[in-house]
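Peer 1: Here is my input, please return the structure:
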Amino acid sequence: MSTDVMIYASDLTKSYGSFRALDKVNFEVRRGEIVGFLGPNGAGKSTTMRILTCFIAPTSGKVRVHGFDVFEDPLPVRESLGYLPQRAPLYLELNVYEYLKFCADLRHLDADVFKRRAKSVVEVCGLAQVLTQDIRSLSHGYRQRVGLAQALIHDPPILILDEPTSDLDPNEKAEFLDYLKQIGRERTVLLSTHNLKEVEIACARAIIVSRGRVVADGQLDEIRARSGRVRYVVSVQESAADSPYRGKGTPPGQREVEDAFNKVAGVQKITELPTDERAHAYELTSEKDVDIRPDLFRMVADRGWVLLELHRDTQTLEDVFRHLTIGEERRNRQVGGAPPPPRDDEDEDDSDEDDDEDEDEKRP
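Peer 2: Here you go, the predicted model:
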């Protein structure tokens, strides 16, 4: 195995009785990569991350992190990792500085190293104003920042982040993603998130899992092309009151427009889009190897219609994600199906924090 491979999983399987949360999962993450780890709830994302971070053991398969086996050498694995779970478990009675010092002591950082690292993570995570406040008094957004700070305090070569921006506001998310792109140049990052736009901003590669299996793994452009289709958005003017149609015939009706689009070679599917009364707008789907824009333009021009919009898009990451995982969502809605999996991607029990939740919006 190459020394550039920082995370390696081969036939990774995790079973809970007769239910398989992970079913022979295989992937690699190399040095310097920022990889998005995607999947619907219950797909196996958090189970995978808990195995990678030595919280639970796999049923079978091989997993190595930074060259160490997670089962045979768990301590070196943990030394190599910075881990932020979906809801970071924090010591609420400590203030932020005390908690970071506690985490640094666990990592055996000496005083000088801690001072340097603390200064860096406090600046990165925006904790300067709350450094002396008890964690109990902080909002969920600031608690998440504290959790990120503890993951970075020992300057690990690998970061594993499970929904790290879930409690951050839009400005905080933007700042975090900018920082993530910076640190990805010098360390490996595995980012689990439900926000596909975050993956498109921060990651060049994604792994998509569904029902415990990897259904896509590659560069984002490669994944977007998985369906083999592209879409076109076409809008034709409808209102006769507008000047282009005065003295030049009548505007087309909806049925006439749809019939004309259906006759264009290569069109596979037509979907009407919402618009105002002045236009007919449609999304057309075709094979990716055929560009139908010239035929669409000629068809509209030959009929004397007014073309308001015509553009071609590749499939979005969200389109492909839904295409690859929609079957699981349908099965989850069926009555009498398989028993539900363990709570893989839900928040951990945080009943000890419930008394503080009502005050979150009032605090920094």
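
Peer 1: Contacts only, for the residue nearest the centre of the chain.
Peer 2: The chain has Thr193 as the residue nearest its centroid, 3.6 Å off, counting by CA atoms, centre = their mean. Counting by CB atoms under 8 Å, 6 or more residues apart in numbering, Thr193 touches Gly36, Phe37, Leu38, Glu163, Pro164, Thr165, Val199. Backbone N, C-alpha and C define where each C-beta goes, glycine included.

Peer 1: again, only this time at 10 Å
Peer 2: 36-38, 45, 86, 161-166, 199, 202-203 (CB atoms under 10 Å, 6 or more residues apart in numbering).

Peer 1: Looking at those residues, which are in helices?
Peer 2: Lys45, Val199, Ala202 (DSSP state H).

Peer 1: Tell me if Lys173 really is in a strand.
Peer 2: No - according to DSSP: H, G, I helix; E, B strand; the rest coil, Lys173 belongs to no strand; its state is helix.

Peer 1: where does the stretch 201-350 of the chain have low pLDDT?
Peer 2: Low-confidence segments of the stretch 201-350 of the chain (pLDDT under 70): 227-228, 239-250, 314, 327-350.

Peer 1: burial of Glu72, as a residue count?
Peer 2: Other residues within reach of Glu72, judged by other CB atoms under 10 Å, total 9.

Peer 1: Then Ala281?
Peer 2: Applying other CB under 10 Å, we find 18 residues neighbouring Ala281.

Peer 1: in its sheet, what does the strand or helix carrying it sit against?
Peer 2: Assessed by DSSP states H and E, Ala281 sits inside strand 279-287. Sheet pairing here is set by DSSP bridges, and for strand 279-287 it gives strand 229-237 (antiparallel), strand 269-272 (antiparallel).

Peer 1: Quick one: residues in contact with the shortest one.
Peer 2: If I follow you right, that is strand 269-272. 229, 231, 234, 254, 257-259, 261-262, 264, 280-286.

Peer 1: Could you tell me the model confidence score at the closest residue to Cys54 other than its chain neighbours?
Peer 2: Leaving aside its chain neighbours, Cys54 sits nearest to Pro74 (4.3 Å; criterion: CB to CB, 6 or more residues apart in numbering). The predicted structure scores Pro74 at 93 on the pLDDT scale.

Peer 1: Starting from Val233, give me the distance back to Pro74.
Peer 2: According to CB to CB, to the nearest Å, Pro74 and Val233 sit 52 Å apart.

Peer 1: before we move on, what about Leu180?
Peer 2: Leu180 is 32 Å from Val233, by CB to CB.

Peer 1: Give me the more crowded residue out of those two.
Peer 2: Higher neighbour count among Leu180 and Val233: Leu180, with 20 against 14, using other CB under 10 Å.

Peer 1: That one contacts Leu161, doesn't it?
Peer 2: Yes - between Leu180 and Leu161 there is a contact under CB atoms under 10 Å: 8.1 Å.

Peer 1: Identify the contacts common to those two.
Peer 2: Joint contacts of Leu180 and Leu161 (CB under 10 Å, 6+ apart) are Ile34, Val189, Leu191.

Peer 1: so which of these comes closest to Glu79?
Peer 2: For the shared contacts of Leu180 and Leu161, the residue nearest Glu79 by CB to CB is Val189; the value is 17.3 Å.

Peer 1: Quick check: that closest one is in a strand.
Peer 2: Yes - according to three-state DSSP, the state of Val189 is that of a strand.

Peer 1: Look up the residues forming beta bridges with it.
Peer 2: Ile34, Leu159.

Peer 1: what number of residues lie near it?
Peer 2: For Val189, using other CB under 10 Å, the count is 23.

Peer 1: Before we move on, what's the pLDDT of it?
Peer 2: 93.

Peer 1: In contact with it, which residues?
Peer 2: 6, 29, 32-36, 82, 158-161, 164, 180-181, 183, 202-203.

Peer 1: do the same with Val264
Peer 2: Contacts of Val264 by CB under 10 Å, 6+ apart are Tyr232, Val234, Ile270, Leu284, Ser286, Ile292, Asp295, Leu296, Arg298, Met299.

Peer 1: can you tell me which two in these are farthest apart?
Peer 2: Ile270 and Arg298 (17.8 Å).

Peer 1: Now do the strands in the stretch 151-300 of the chain.
Peer 2: Listed from the start of the chain, the stretch 151-300 of the chain has strands (DSSP state E, counting those that start in this stretch) covering 158-162, 188-192, 205-210, 213-219, 229-237, 269-272, 279-287.

Peer 1: any idea how far Asp259 is from Val267?
Peer 2: On the measure of CB to CB, Asp259 and Val267 end up 11 Å apart.

Peer 1: now swap in Val236 and tell me
Peer 2: Val236 is 15 Å from Val267, by CB to CB.

Peer 1: same thing with Asp11?
Peer 2: On the measure of CB to CB, Asp11 and Val267 end up 43 Å apart.

Peer 1: ok, now Asp169?
Peer 2: 43 Å.

Peer 1: Who has more neighbours out of those two?
Peer 2: Set side by side, Asp169 and Val267 show more neighbours around Val267, with 18 against 10, by other CB under 10 Å.

Peer 1: Got phi/psi on the more buried one?
Peer 2: phi -70, psi 120 (degrees, to the nearest 10).
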